[in-house]
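1. can you look at this prediction? I've put the sequence above it.
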Amino acid sequence: MSKRRTAKPRHPACLMCGATDPRELAAHHIGGATVILCRKCFRRLALALRVNPSPIWIPPDEIEVIGHALLAEADLLAMLAQSRWQFGQMLIDRVRREAPNEEPDD
C-alpha cells in the first residue's frame, strides 16, 4: 500500500488572515481537512470549538465523531466567511478611496 502524498504549498499562508511568517504557521486537522492557520487564528477557532457539545460516549461512537467533525468544519467555514467578507470590504474601500469623484454609470 502506498502512502498518500499531499502537496505542500510553496508559500504557505494562514487560511484566515493570510499571515505568512513560517514561525507562526502550523497545519491543523479540522473536520477531516488539513488547513494552515497562524497561531492567532487557531486560538480564535479553538475558542469557537469550545462551545460545541462535549462527548457523550467515551470513546465516542462513529455518528458522534461525524457530528463533532461537522460542527468543527462549520465553525471553520463561518470564520473563513467572515474573514473573506472583511477582506472583500477592505478592497472595495480601497478602490473607493482611489477612484475619482465621479458618479458610477448604471
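-> Noted; the coordinates are in hand. Numbers count the residues shown, from 1 in each chain.
2. what average pLDDT does the top helix by length along the chain get?
-> In the chain, assigned by DSSP state H, the helix with the most residues is helix 62-98. Helix 62-98 carries an average pLDDT of 92.
3. may I see the buried residues of it?
-> The neighbour-count check on helix 62-98 (16 or more other Cβ atoms under 10 Å) flags His68, Leu71, Ala72, Asp75, Leu76, Met79, Ser83 as buried. Placement of C-beta: from N, CA and C, glycine included.
4. same question, stretch 10-20
-> Cys14, Leu15, Met16, Cys17, Ala19.
5. quick one: contacts of stretch 40-57?
-> 14-17, 19, 24, 26, 28, 30, 37, 64, 68, 71-72, 75-76, 78-79 (Cβ atoms under 8 Å, 6 or more residues apart in numbering).
6. kindly recompute the last result at 10 Å.
-> 14-19, 24-26, 28, 30, 35-38, 61, 63-65, 67-68, 70-72, 74-76, 78-80, 82-83 (Cβ atoms under 10 Å, 6 or more residues apart in numbering).
7. so the helix or strand hosting Arg44 versus helix 62-98, what angle?
-> Using DSSP states H and E, Arg44 falls within helix 39-50. Between helix 39-50 and helix 62-98, the angle comes out at 130 degrees (axes from the mean of the first three to the mean of the last three Cα atoms, to 10 degrees).
8. wait, His29 sits on Val35?
-> Yes - shown here, His29 and Val35 form a contact pair, counting by Cβ atoms under 10 Å, at 8.2 Å.
9. those two: who's more crowded?
-> Val35 (18 against 10; other Cβ atoms under 10 Å).
10. helix, strand or coil for Ser54?
-> Following DSSP: H, G, I helix; E, B strand; the rest coil, the label given to Ser54 is coil.
11. that one and Leu71: what is the separation?
-> 12 Å (Cβ to Cβ, to the nearest Å).
12. next: Ala46.
-> 13 Å.
13. do Pro59 as well
-> 17 Å.
14. just Pro53 next, same as before
-> Following Cβ to Cβ, the distance that separates Pro53 from Leu71 is 8 Å.
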